[in-house]
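Any chance you could fold what I've pasted below:
(2 chains)
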Amino acid sequence: MTLTAIPTPSLSHRTSRWFSRNLIRIYAVIAFIYLFIPVAYTFAFSFNDAGKSNLIWQGFTLDNWKNPCGAPQVCTAVANSLKIGILSTIFATILGTMIAFAIGRHKFRGGKTTNLLIFLPMATPEVVLGASLLAMFLNLRINPGFWTIVIAHIMFCISFVVVTVKARIASLDPRLEQAAMDLYANERETFRFVTLPLVMPGIAGAALLAFSLSFDDFIITNFNSGIVTTFPKFVYISSARGIPPEANVIGSAMFFIALIIVVVGQIVSRQRKKS
Amino acid sequence: MAFLHAAGTASSGPKSGLRSKSWTPYLLLAPGLIWLITFFIFPIVSLASTSTMVRPEGAQIGTYVQELRFQNYIDAFTANQEQYIRSFVYAAIATILALAISYPLAYMIAFKSGKYRNILLVLVVAPFFTSFLLRTVAWTQILGDEGPIVSTLKLLPFIDDSMRLTSTPFAVISGLTYNFLPFMTLPLYASLERIDPRTLEAAGDLYANGLTTFRKVTVPLSMPGVVAGTLLTFIPAAGDYVNAAILGNPNTKMIGNVIESRFFAVVDYPTAAALSFTLMATILILVTLYIRRTGTDELV
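Numbering: from 1, shown residues only, chains lettered A, B, ... in the order given. Down below sits the predicted model:
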């Protein structure tokens, strides 16, 4: 944005100065539009009176929202994804939090190896994680299905839980725990009434992250699912023919539910800080 | 969590006893690490073993025996060289584009957003609350032959009527760029946000203009974010096959697509395993070189 000399300076001068000063804000608006276009498309096509093809707009209807299970298999797939997501979140959060406490609060031998073991799954492409697990299950003559998906999801969620909870533990003021001990709380009480409540937001965040990673995972799931269908797998399989609008309804509903959870979480944590 | 408490009481150390030497940390580590060893390390070993197997003459499809045939790697690589190189080229272009798109955005959120900072951060992540696959499918509609972009471009006199955007390398790279964008934006934001504004003021006091301050102070200080962001984008992009499958054509296939079809369509496990192993090894070598080069060893 260069300022050029124009016969009537004041107004155009001011506009161009406004532009150069707000250039980065204008850019941010465009970037956010770019980020949200596919979401808007998904939402808009959830109202499509699709008939046989949901690829192009056919007309407005509310039917898809009234009956999101209308398309065959879509709700079975969502139910599977929810079950897998909840199970893997519970296990990955417990296992990951334990590791995070060991790393953040204790000294032990083999710290470097432990860190490497936690870092590696995050640095390995999903296709390799999926293919290697399937190779193992096949070598052991285990048929992939619901439980192999859960096993795989727990595996790749653990590292993310460790990283999230560890960051929260590292940010704690150690003086709070010392104060509790000075007030004659034993280790168990200190952990129960001081450390754990302070780390809880980190654990909650890690659980949300684990759930969303599990719910949205496709590549690892596809390798280890056998005939079981999850929601992302359902979308992938039906994408060739155009996905049914009911899938758009579920995708949009998920978007709004997650948004509400995050916004409520923000408000709660802000009020806590105030009080 | 009862286990945690039990472990906590068992070790009665001195007052600063939270760091006491005992078996507590090993008990805390054991279940999770055993899980990772059983379902990450052991499968990788299993994959390595599969990669040198051979199907015996006349045996059933899907039956393989170990013959330590390392030639599998050379065969797999020569047969799929094109897809292999393409994966890294596409991933590199997508990573550079994501960095170019994310840097100004992260900069704006870190320095210019004021009280809206948290809202904007939620907005960066929010698109990812809809399924990854649904968003990719939405791009096929946006870039499709009947979509808004192609129909607008076709109004221009110099654009051929047969122009397409879907089923092109452009579509695949756009999809990769879009899908991994928050993995770039969030680490960039985290490192920019940590910069003390006083260092920028100091640069100004020393007569650096805006551009020099940005080049000599802001960019070097944000390097950890750049490294973390590029890794978090490049690694999943290089191994991805969803974008190439949904947005591409047979000539835009990436190595992930080959591994998938070797496993499921062709039932050729040794080739799939050899390819996966080569992919993982290449990525680990690239990552190590990159981290050394950028001097951010402390990240790992």
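
What is the burial count for B:L133?
B:L133: 25 surrounding residues under other Cβ atoms under 10 Å in any protein chain shown. Any C-beta I mention is one placed from the backbone N, CA and C, and that applies to glycine too.

Just give me the residue closest to the centre of the chain.
All of this is about chain A. Centrality entry for chain A: nearest residue to the mean C-alpha point is A:S212, 3.4 Å, by Cα atoms, centre = their mean.

that's the other chain; I wanted chain B
Note: chain B centre (Cα atoms, centre = their mean) maps to B:P236, 2.8 Å.

quick one, what contacts the closest residue to that residue other than its chain neighbours?
Of all residues not flanking B:P236 in the chain, B:F180 sits nearest, at 5.9 Å (Cβ to Cβ, 6 or more residues apart in numbering or on different chains). Neighbouring residues of B:F180 by Cβ atoms under 8 Å, 6 or more residues apart in numbering or on different chains: B:A94, B:A98, B:L232, B:T233, B:P236, B:A237.

Would you check which pair of the residues you listed lies furthest apart?
B:A94 and B:L232 (12.2 Å; Cβ to Cβ).

Looking at the two, which has the bigger crowd around it?
Comparing B:A94 with B:L232 by neighbour count (other Cβ under 10 Å), the higher total belongs to B:A94, at 27 against 20.

I'd say the more buried one and B:A237 touch.
Yes: between B:A94 and B:A237 there is a contact under Cβ atoms under 8 Å: 5.0 Å.

Overlap in contacts, these two.
Residues touching both B:A94 and B:A237 comprise B:L176, B:F180, with contact defined as Cβ under 8 Å, 6+ apart.

Of the contacts of B:F180, just say which sits nearest to A:P72.
Using Cβ to Cβ, those come closest to A:P72 at B:P236, 31.3 Å.

Distance-wise, check the closest one relative to A:Y34.
20 Å (Cβ to Cβ, to the nearest Å).

circling back: just name the closest of the contacts of B:F180 to A:A131, please.
B:P236 (14.8 Å).

Secondary structure element holding the closest one?
helix B:223-239 (DSSP states H and E).

element containing residue 262, please.
In the absence of a named chain, this looks at chain A. helix A:245-274.

hm, I was asking about chain B
Assigned by DSSP H and E, B:R262 falls in helix B:255-264.

I'd like the distance between the closest residue to B:P169 other than its chain neighbours and chain A.
Using Cβ to Cβ, 6+ apart and skipping residues adjacent in sequence, the residue nearest B:P169 is B:T252, 5.3 Å away. Computed as Cβ to the nearest Cβ, to the nearest Å, the B:T252 to chain A distance reads 16 Å.

Who are the contact partners of B:T252?
B:R86, B:Y90, B:S167, B:T168, B:P169, B:V172, B:A244 are the contacts of B:T252 under Cβ under 8 Å, 6+ apart.

So among those, where is pLDDT lowest?
Confidence by pLDDT is poorest for B:S167 among the contacts of B:T252, given 84.

For that residue, list the residues it contacts.
Contacts of B:S167 by Cβ under 8 Å, 6+ apart are B:L247, B:G248, B:N249, B:T252.

Over to it: give its phi and psi.
Phi and psi for B:S167, reported as degrees, to the nearest 10, are phi 60, psi 30.

what would the contacts of B:S167 look like in CSV with pLDDT?
Output for these, formatted as CSV (pLDDT from 0 to 100):
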residue, pLDDT
B:L247, 92
B:G248, 91
B:N249, 89
B:T252, 91
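
ok, back up a step: just the element for the residue nearest to the centre of chain A, please.
helix A:196-216.

Give me the mean pLDDT for that helix.
So the average pLDDT for helix A:196-216 ends up being 91.

That one to helix A:245-274, inter-axis angle?
Angle between the axes of helix A:196-216 and helix A:245-274 is 170 degrees (criterion: axes from the mean of the first three to the mean of the last three Cα atoms, to 10 degrees).

For helix A:196-216, name the packing helices and strands.
helix A:74-105, helix A:146-170, helix A:245-274 (3 or more Cβ pairs under 8 Å, 6 or more residues apart in numbering or on different chains; DSSP states H and E).

Just checking, which helix or strand succeeds it along the chain?
helix A:219-224.

pLDDT of that following helix, averaged?
On average, helix A:219-224 scores 94.

same check, this time on stretch A:143-159
Mean pLDDT, stretch A:143-159: 95.

For A:N64, which of the helices and strands packed on helix A:196-216 is the nearest?
Smallest distance to A:N64 across the helices and strands packed on helix A:196-216 (Cβ to Cβ): 4.4 Å, for helix A:245-274.

tell me what the closest one is packed against?
helix A:23-45, helix A:63-66, helix A:74-105, helix A:196-216, helix A:231-238, helix B:117-125, helix B:132-142.

closest one to A:A253 among those?
Comparing the helices and strands packed on helix A:245-274 by Cβ to Cβ, helix A:63-66 comes nearest, at 8.5 Å.

Check whether that closest one comes into contact with chain B.
No: judged by Cβ under 8 Å from any Cβ of the partner chain, helix A:63-66 stays clear of chain B, getting no closer than 13.8 Å.

before we move on, back to that, only the C-alpha atoms, please, for the helix holding A:S212, written as CSV.
Output of helix A:196-216 as CSV, limited to C-alpha atoms (Å, rounded to 0.1, in the frame of the first residue of the first chain):
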residue,chain,number,x,y,z
LEU,A,196,-5.0,-32.6,41.2
PRO,A,197,-7.5,-29.7,41.3
LEU,A,198,-4.8,-27.4,39.9
VAL,A,199,-4.0,-29.8,37.1
MET,A,200,-7.6,-30.7,36.3
PRO,A,201,-8.1,-28.1,33.6
GLY,A,202,-5.1,-29.6,31.8
ILE,A,203,-6.6,-33.1,32.1
ALA,A,204,-10.0,-31.9,30.9
GLY,A,205,-8.3,-30.2,27.9
ALA,A,206,-6.3,-33.3,27.1
ALA,A,207,-9.5,-35.5,27.3
LEU,A,208,-11.3,-33.1,24.8
LEU,A,209,-8.3,-33.3,22.5
ALA,A,210,-8.1,-37.1,22.7
PHE,A,211,-11.8,-37.3,22.0
SER,A,212,-11.7,-35.1,19.0
LEU,A,213,-8.6,-36.9,17.6
SER,A,214,-10.3,-40.2,18.0
PHE,A,215,-13.6,-39.1,16.6
ASP,A,216,-12.1,-37.5,13.5
